[in-house]
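> This is a predicted model, with the sequence first.
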Amino acid sequence: YYYDGMNNNIVNANPSLENKKIIDIFYYDNNFVVSVDEDGKIYEANHTCINPNHEGGLDGRNLKDIAYYSGKTIALDNNGKVYAWGDNYSGLLGIGALEDSSISICISDLENDMNGKNIVKIYNYSDTAFAIDSDGNAYNWGVNYSNIENYEIIRPTQILNGKNIKSILKVSGAIIVLDNDGKVYTWGYDDYGLLGNGTTKDSNTPICISDNENNKLYGKTIEEIYNINDNSVISKDSEGNIYGWGRNRHAELGNGTYENVLTPECFNEITTNKLFNRKVNEVLNYRKLVIYILDDGGIIYNSFPYVA
């Protein structure tokens with residue numbers, strides 16, 4: 001159900017699921033909602049069942065997470081295994097081929113770098129996918145933003161070997177990765193300065209921008225990274241400071257300007273910014289609305305295309 005503020009009433013958002021008992025809802029990437037009923041069947045946003053016969057051995061009742069994106073589904077079960085089905089654009093299903101699949105396939109059981117690993121996080125960005133295991137190892141398949149010559153990765157392949165990875169974002173065509181030491185790595189297309197290295201030049205090699213002494217992230221322990229409207233990036237460090245970079249044409253970053261930012265800028269150091277000399281405990285990101293919960297209990301928000 002959802003609340004219809006205009007007509008001031010509660011509306012049944014799922015009329016086709018009227019007689020179904022929903023036991024779980026997965027909300028992915030601020031875009032797609034997938035629901036699971038008591039029989040383990042999975043329904044996408046238009047309420048079409050996408051595993052009507054549990055084909056491929058997938059039962060929605062045993063799932064930890066579902067990353068669904070426009071007909072492409074990647075699912076994680078409670079045993080740390082990954083399943084995929086649907087549109088196999090650029091090898092997004094990770095099955096070692098480019099054919100689509102109408103049934104779920106456990107890609108954790110196939111021959112690839114992810115075989116036998118306990119996966120704890122999955123990411124589906126429509127053309128490329130990532131996973132992180134319990135040891136912090138990261139895997140990528142689909143469009144290969146780190147190698148232009150080898151454009152498609154048709155099976156999960158380990159990336160950033162030796163790094164303990166915490167989270168992974170794809171923002172426009174840029175890949176932004178945070179490790180458990182609080183360092184940020186970037187590669188891919190540098191639209192609007194999304195790689196945060198002070199240029200707009202693309203890179204097919206992961207670069208740790210936190211190691212650059214001229215970068216505001218140098219020496220900082222970054223705790224979280226956020227995708228702002230698929231054009232910009234915001235991060236929060238362990239001291240409650242906020243950094244932003246990327247596209248800012250519609251004041252996405254909330255730094256008081258409309259100019260793109262090519263290298264991380266600390267908003268807490270800008271005297272005209274509401275975050276000046278204040279510390280942030282938590283960031284709530286809703287794509288076009290970013291809310292900062294301050295350590296003193298205050299709330300500051302940026303809702304674009306309006307400067308706040």
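It's in. Numbers count the residues shown, from 1 in each chain.
> For the stretch 51-200 of the chain, give me the ranges with low pLDDT.
Under the criterion of pLDDT under 70, the regions of the stretch 51-200 of the chain flagged as low confidence span 51-57, 148-149.
> need the strands for it, in chain order.
63-69, 72-77, 82-86, 101-106, 119-124, 128-133, 138-143, 152-159, 165-171, 174-179, 184-188 (DSSP state E, counting those that start in this stretch).
> so what strands line up beside the last one?
Here the strand partners of strand 184-188, with direction, are listed using DSSP bridges: strand 174-179 (antiparallel), strand 203-208 (antiparallel).
> If we go by neighbour counts, what in the last one is buried?
Which is strand 203-208. Residues of strand 203-208 classed as buried: Ser203, Pro206, Cys208 (neighbour count, 16 or more other CB atoms under 10 Å). C-betas here are computed from N, CA, C, even on glycine.
> what do you get for stretch 101-120?
By neighbour count on 16+ other CB under 10 Å, the buried set for stretch 101-120 is Ser101, Ser104, Ile105, Cys106, Ile107, Ser108, Asn112, Asp113, Met114, Lys117, Ile119.
> Equivalent analysis for stretch 243-263, please.
Residues 243-248, 251-255, 260-263 are the ones in stretch 243-263 that count as buried (16+ other CB under 10 Å).
> could you give the mean pLDDT of that stretch?
What stretch 243-263 shows for mean pLDDT is 92.
> thinking again about what came up before, ok, which pair from the buried residues of stretch 243-263 is furthest apart?
Across the buried residues of stretch 243-263, the two members that end up farthest from each other (CB to CB) are Ala251 and Thr263, 18.3 Å apart.
> So Thr128 is in contact with Gly142, correct?
Yes - with contact defined as CB atoms under 8 Å, Thr128 and Gly142 form a contacting pair (3.8 Å).
> Overlap in contacts, these two.
Common contact partners of Thr128 and Gly142 (CB atoms under 8 Å, 6 or more residues apart in numbering): Ser90, Leu92.
> Could you check which of these two has the larger neighbour count?
Summary of the neighbour comparison: Thr128 and Gly142, criterion other CB atoms under 10 Å, with Gly142 having more neighbours (27 against 24).
> residues contacting that one?
Tyr89, Ser90, Gly91, Leu92, Gly94, Tyr125, Asp127, Thr128, Ala129, Glu152, Ile153.
> Any idea how many residues pack against the last one?
Just to be clear, that refers to Ile153. Considering only other CB under 10 Å, Ile153 is surrounded by 24 other residues.
> who's in contact with it?
By CB under 8 Å, 6+ apart, the contact list for Ile153 reads Gly91, Gly94, Asn140, Trp141, Gly142, Val143, Asn144.
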